[in-house]
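>>> Sequence plus predicted model, see below.
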Amino acid sequence: MNDTLTDFSHHETPINLPANQSEPEYVSDAMAELLGKMDFDYVFLLPGASYRGLHDSLVNHNRNLDPKIVLATSELSAASMAHGYAKAADKPALCILHDLVGLMNGSMGLYNAYCDRTPVLFLGGAGPLDPDQRRFIEWNHSASTQADIIKDWVKWTDEPPTGNATLKSIVRGKTICETYPPGPVYVSIDTHIQEQPVDETLEPIDPDLPRHKAPPPMGPNEDALTEAAEMIVNAKFPVLVGGRFGVYERMREPLIELLNISGAAGMNDRAVYCWPSDHPQNLSGDKDALRDADVIVCMDTIDINNVMGTYAIRRRADIREAREKAPPKIIDMSLNAMDNNSWTAFGGPTPPVDLQIVCEPEYGLECLTAAVRKALERDNGSHDHIEARKKMLAERHEKLRATQTEKAREGWDQSPIKLERMIYEVFQAVKDKPWTLTAANHRSFNEVVWNFPGAGAYLGADGGGGVGYNASAAIGAGLALRDKGRFCVSIGGDGDFLMAPGCLWSAVHYGIPMLHIVNNNSTWGNDEVHQVEVAHNRNRPRENAWIGQAMRDPIIDFAQVARGFGAWAEGPARTPDQLADILGRAVAEVEKGRVAIVDVTTTLGGVS
């Protein structure tokens, strides 16, 4: 980022406080003090009376420091900001929600974080549990075990009945949320308890004690590792599928190391980019690679059925080929076997796995790489075998990228702008910056239009498919990236943006520099494509697919909406030349420290 970055944030510093930090006077003071010791830099929230005591303590006891308050404009945005921040910061995030109505409004954000295996500690105002302490509105907003409505999509919930129990639950919640497989937890904090004075019964708690740390990673079975390594080395066409852990930059070099020594092909799971786009063994986008493979290693892949394409085989030729060809051996290195949920079907049915290596996949990757090295050392003739595989994969990689380039160039200069051209122009505008792509509304990018250096360059999708994630998550991620000196860029659909446009106020108010692209096809594009498919299957007119989908008459002016929240914004860009020109100015604004929004008129599936 530019060293001359301007601080556009509005500093919210409490006044008229004593010079020296006072001892906690209320239970909520002790809660705020505890949160300050737990490595939470920020807390994402929307105010609510159910945690007014804690809110006061964060401001007037903690002095709005560690954690600093980030005010959202909806609970969905608050949850999504925390979700995005946790991935970009690579540590648990903190979010506070108002009781019942706030929780219900933010519940989709919790579900996204759960499916995306992202560690977020959610605190929810509650009660008072004691009915005699409730006002009228608190009867409306109180429930016996209010976490019941989200228990099925968080790792753990608690409704502690005392001040001591609340402090202990907060510490335990953070430990649980960051223990692999990570995910959100929800702790109710009773409003009456928050406002009770501290007395001698309240016990101090030290979150840094070893007993409160997350456990070390679970290691893989040694025999299974040896078997997997032998399968990879001896295979004719092994494929390594990189999964969820590809959102973390620390995984980049270890993944590349395994790819290089194994001589296997690399492919990405949905919505991650584990391998460098230009690596000669990267076959991401090759639809035949998994069909040709004889060994497939899925690493931290949440839905193996989706990777294998086993949900639906539509062509008779595929069925015949599947029967005639021996199926590949599938290795699953993950904790999927221990991460089941009886309520949601997320993750799909039981996958077709031949060798299950149950372990924390990051540690498992390290162990698998060592096992492959040992297998190569045992086999003196393996070097020639591996080099021959690499040569074959390099040739296939070049052909794949040439085909992808040719396909992407079809309609390259059209207006409205082709999706691939829009992505290409955005990449050209940021490629020389220390960029991180924080959000995108596409299942995958064609890697000839956006060059990824490997893991950590893209923070992945929403997880659960909940619309309204992209811009808010990008803001949370942008906060962490600002502190790291990274350039935040995100792409989201017009429908996703409409779910929570007020999130831009938070980005502008807190001076979070970011470039956000609104992919504006003026329709609920994914569903319009579905209507086209159904009409085709039923021999009905596809020309009617836009009805109940298109957002036209009037066309929404997203640049004007963004400017209303204080962002720099231009658009709509309707031609590639227009877009390139606008992007140049937008990048310059971000480098100054501003929020820049670019509205781009695009096509989707032939629908403009």
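Noted; the coordinates are in hand. Here the structure is a predicted model, which is why all the values come from computation and not from measurement.

>>> May I ask you to confirm that residue 369 is in contact with residue 256?
No: when contacts are counted by CB atoms under 8 Å, residue 369 is not listed as touching residue 256 (10.5 Å). Using the backbone N, CA and C atoms, a C-beta is placed for each residue, glycine as well.

>>> between those two, what contacts are shared?
Common neighbours of residue 369 and residue 256, using CB atoms under 8 Å, 6 or more residues apart in numbering, do not exist here.

>>> Local confidence estimate at residue 312?
pLDDT, residue 312: 60.

>>> biggest helix in the protein, by residue count?
helix 382-408 (DSSP state H).

>>> for it, packing partners?
Counting contacts by 3 or more CB pairs under 8 Å, 6 or more residues apart in numbering; DSSP states H and E, helix 382-408 is packed against helix 222-234, helix 361-378, helix 419-430.

>>> Comparing these, which comes out most buried?
Compared across the helices and strands packed on helix 382-408, helix 419-430 shows the largest average neighbour count, a mean of 22 (mean count of other CB atoms under 10 Å).

>>> The helix or strand just after that helix: which residues count as buried?
Downstream of helix 419-430, the first helix or strand assigned by DSSP states H and E is strand 435-439. For strand 435-439, a neighbour-count test (16 or more other CB atoms under 10 Å) marks 435-439 as buried.

>>> Could you name the helices and strands sitting against strand 435-439?
Secondary elements touching strand 435-439 (3+ CB pairs under 8 Å, 6+ apart): helix 75-89, helix 470-484, strand 487-493.

>>> Give me the angle between it and helix 470-484.
150 degrees (axes from the mean of the first three to the mean of the last three CA atoms, to 10 degrees).

>>> so how far is strand 435-439 off the chain centroid?
11 Å (CA atoms, centre = their mean, to the nearest Å).

>>> now do stretch 554-563
26 Å.

>>> Torsion angles phi and psi at residue 557?
Per-residue torsions, residue 557: phi -90, psi 90 (degrees, to the nearest 10).

>>> Return the per-residue confidence for it.
We have a pLDDT of 94 for residue 557.

>>> Give me the number of neighbouring residues for it.
15 (other CB atoms under 10 Å).

>>> same question, residue 9
There are 14 residues near residue 9, going by other CB under 10 Å.

>>> ok, and it, which helix or strand is that part of?
Using DSSP H and E, no helix or strand contains residue 9.

>>> mind listing what it touches?
Neighbour list for residue 9: 509-512 [criterion: CB under 8 Å, 6+ apart].

>>> now do 6 Å
Residue 9 makes contacts with 510-511, as judged by CB atoms under 6 Å, 6 or more residues apart in numbering.

>>> where does it fall, phi/psi-wise?
Residue torsions, per degrees, to the nearest 10, at residue 9 are phi -70, psi 150.

>>> show me where the stretch 151-300 of the chain has helices.
For the stretch 151-300 of the chain, the helices defined by DSSP state H, counting those that start in this stretch occupy 163-178, 191-194, 222-234, 252-262, 289-292.

>>> What segments of the stretch 501-608 of the chain are helices?
Under DSSP H, counting those that start in this stretch, the stretch 501-608 of the chain gives helices at 503-509, 525-537, 558-564, 576-592.

>>> tell me the domain boundaries of this structure?
27-212, 222-406, 419-601 (automatic domain parsing).
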